[in-house]
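1. Provided below for reference: sequence and predicted model.
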Amino acid sequence: MNEAAKDHDKVSLKGWIALAMFVLMFSGLFKVLGDALGLKWLSAFDFVVLNGKFGTDLVGKGGVGARTGFMEAFVLFPTVMFAVGVVEVCEHFGALRAAGKVFTPLLRPLLGIPGICGLAFVASLNSSDVGSVLTRQLKENGHITDDERTTFVAYQYAASAPITNTLAAGAALLPISVVAPGVVIAVELMAKIIGANIVRFYLKIVNKKEVGANESAGS
């Protein structure tokens with residue numbers, strides 16, 4: 001490896017700081033730490049808190065059909081735009097290269113995808129929309145293959161956005177749950193990993209069959 005390649009792969013201190021801030025912001029740790037330490041101001045840096053919410057009059061209540069569907073999709077724009085902006089800033093400071101070094105030992109054996117997917121991996125814990133946008137960007141930029149994208153999408157699709165959906169959408173059920181919310185999220189993560197690996201191994205089998213068929217046709 002020449003000196004230029006080494007310099008390109010080198011992660012600066014800014015890159016590590018940007019990655020740490022991204023993980024803390026999108027994983028919900030800022031809010032957890034703020035509540036645990038009594039430092040409520042830390043919650044101000046949480047992605048869900050920063051994203052905020054619309055008033056009830058914008059989407060309204062009791063709507064049905066295509067109009068309500070359009071409004072539900074329309075209100076996703078600020079979330080995705082804000083998240084992509086944060087990702088672009090973090091990527092500018094080298095967070096993507098830092099994620100490649102940190103997450104490769106985890107994601108490669110666990111899901112068969114490169115560590116550069118780390119930002120999308122963390123973001124998908126809180127927002128399925130942000131995770132899908134980042135995954136598309138990774139594929140379009142040539143960072144992941146089609147099979148890796150398919151496996152990663154399978155991981156994200158099952159129990160999508162487990163932290164947000166469990167603690168927000170499932171808030172009504174948590175008081176009567178016989179286990180802690182952390183256990184629920186852990187089970188969801190296990191299901192996501194198992195489902196992704198089923199797709200991963202299926203793709204391997206299909207690819208082997210295609211290679212064998214091509215070799216037979218060539219001979």
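-> Done, it's in.

2. list the buried residues in the biggest helix by length in the chain.
-> Under DSSP state H, the helix in the chain containing the largest number of residues is helix 181-218. Of the residues in helix 181-218, those scored as buried under the neighbour-count criterion (16 or more other Cβ atoms under 10 Å) are 184-185, 188-189, 192, 195-197, 199-200, 203. For every residue, glycine as well, the C-beta is placed using N, CA and C.

3. show me where pLDDT drops low in the protein?
-> In the predicted model, the chain carries pLDDT under 70 at residues 1-9, 54-61, 64, 171-172, 218-219.

4. let's go with 50 and repeat that
-> In the prediction, the chain carries residues with pLDDT under 50 at positions 1, 4-7.

5. center of the chain, which residue is that?
-> residue 124 (2.4 Å; Cα atoms, centre = their mean).

6. residues in contact with the residue nearest to that one when sequence neighbours are not counted?
-> What sits nearest to residue 124 in space, not counting adjacent residues and going by Cβ to Cβ, 6 or more residues apart in numbering, is residue 131, at 2.9 Å. By Cβ atoms under 8 Å, 6 or more residues apart in numbering, the contact set of residue 131 is 120-121, 123-124, 156, 160-161.

7. wait, doesn't residue 26 sit right on residue 125?
-> Yes: distance between residue 26 and residue 125: 6.9 Å, which falls inside the contact criterion (Cβ atoms under 8 Å).

8. okay, these two: which has more neighbours?
-> Each of residue 26 and residue 125 had its neighbours counted (other Cβ atoms under 10 Å), and the higher figure belongs to residue 26 (28 against 24).

9. dump the buried residues of helix 181-218 to a markdown table, plus distance to residue 145.
-> Converted to a markdown table, the buried residues of helix 181-218 look like this (distance: Cβ to Cβ, whole Å):
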| residue | distance to residue 145 |
| --- | --- |
| 184 | 33 |
| 185 | 29 |
| 188 | 26 |
| 189 | 24 |
| 192 | 20 |
| 195 | 19 |
| 196 | 15 |
| 197 | 16 |
| 199 | 14 |
| 200 | 12 |
| 203 | 10 |
